[in-house]
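Colleague: Below is the sequence, then the predicted model.
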Amino acid sequence: MKNWWILAVLAVGGMFLISRKSQAKSLPSGGDNVGNWKTSKVYVKYVDVAKALSTKHGVPADLLLGQAAHESGLNPFAVSKVGAAGISQFMPGTARGYGLKVLPGDMKTYNGKVREYPTTKDPALDERFDPSKLMDAQARYLKQMYGSFGNWEDVLSGYLWGEAGWKKILKNPTAYTTAIKTKKVLQNPDGKWTTSYAVKILGNAKWLRDQGAF
């Protein structure tokens, strides 16, 4: 074949593109249950961190680690599509508000909103990529919310919707028909309103306890 070399180049190029796509799919980017944190047992390395923060801040260790697992799959370098970063997926403004060092990021538009994305994953420059420091901020955030709600399930729902947002929903939950239809907001068998986000994290916490982690 006279053009065998052209076919060879195309074949190699195709293999390269497939490889790049596979790599992209395998890179955790934050969000719902990213990564295979249960079977890989990566959670084991953060158990002592969660226990220490539980003692320090009075937040249940299993809840703390279960939330981090839900947020990032316990990948300390995860970055979401909206710019949340680290093991607990903090937005840059929230992280700065809790005293973490975060360098000014790249401003890009996503879904019609301008968002800030990290320019480095060096924990010395962006402390969201330091798991211990970010989980400490996460524990302080949860503890602060507990002062408003008095129970951890509402704290988790408030974490998702914002404190004011979740309190507004609780006053008239049936008005939020879209959220109910998509099961983002749902009702427990005992009649209490909650979120699928809180249910999943409480499930993670139970799973961790069942493994003997706590």
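Modeller: Yep, it's here. This one's a predicted model, so the numbers in the text were calculated from it and none came from an experiment.
Colleague: residue boundaries of the strands in this protein?
Modeller: Along the chain, the stretches classed as strands by DSSP state E are 106-110, 113-117, 185-187, 193-195.
Colleague: Deepest-packed of the ones you listed, please.
Modeller: The highest mean neighbour count among the strands of the chain, using mean count of other C-beta atoms under 10 Å, belongs to strand 193-195: a mean of 20. C-beta coordinates here come from the backbone N, C-alpha and C atoms, glycine included.
Colleague: ok, that strand: who's next to it in the sheet?
Modeller: According to DSSP bridges, the neighbouring strands of strand 193-195, each with its direction, are strand 185-187 (antiparallel).
Colleague: contact partners of the strand it pairs with?
Modeller: For strand 185-187, the external contacting residues (C-beta atoms under 8 Å, 6 or more residues apart in numbering) are Ile169, Pro173, Tyr176, Ala179, Ile180, Trp193, Thr194, Thr195, Ser196, Val199.
Colleague: What sits closest to the last one if chain neighbours are left out?
Modeller: Pointing back at Val199 there. If you skip the residues right next to it in sequence, Val199 has Leu186 as its closest partner in space, 7.5 Å away by C-beta to C-beta, 6 or more residues apart in numbering.
Colleague: for Asp136, same thing?
Modeller: Leu53 (5.8 Å).
Colleague: That neighbour touches Ala61, doesn't it?
Modeller: Yes - taking C-beta atoms under 8 Å as the contact criterion, Leu53 and Ala61 are neighbours in contact, 7.2 Å apart.
Colleague: neighbours around the nearest residue to Ala198 once chain neighbours are set aside, how many?
Modeller: For Ala198, the nearest residue in space outside its immediate sequence neighbours is Leu156; the separation is 3.8 Å by C-beta to C-beta, 6+ apart. When neighbours are counted by other C-beta atoms under 10 Å, Leu156 registers 27.
Colleague: Give me the distance between the residue nearest to the spatial centre of the chain and Val82.
Modeller: Among the residues of the chain, the smallest C-alpha distance to the mean C-alpha position (C-alpha atoms, centre = their mean) belongs to Glu71, namely 1.8 Å. Counting by C-beta to C-beta, to the nearest Å, the gap from Glu71 to Val82 is 12 Å.
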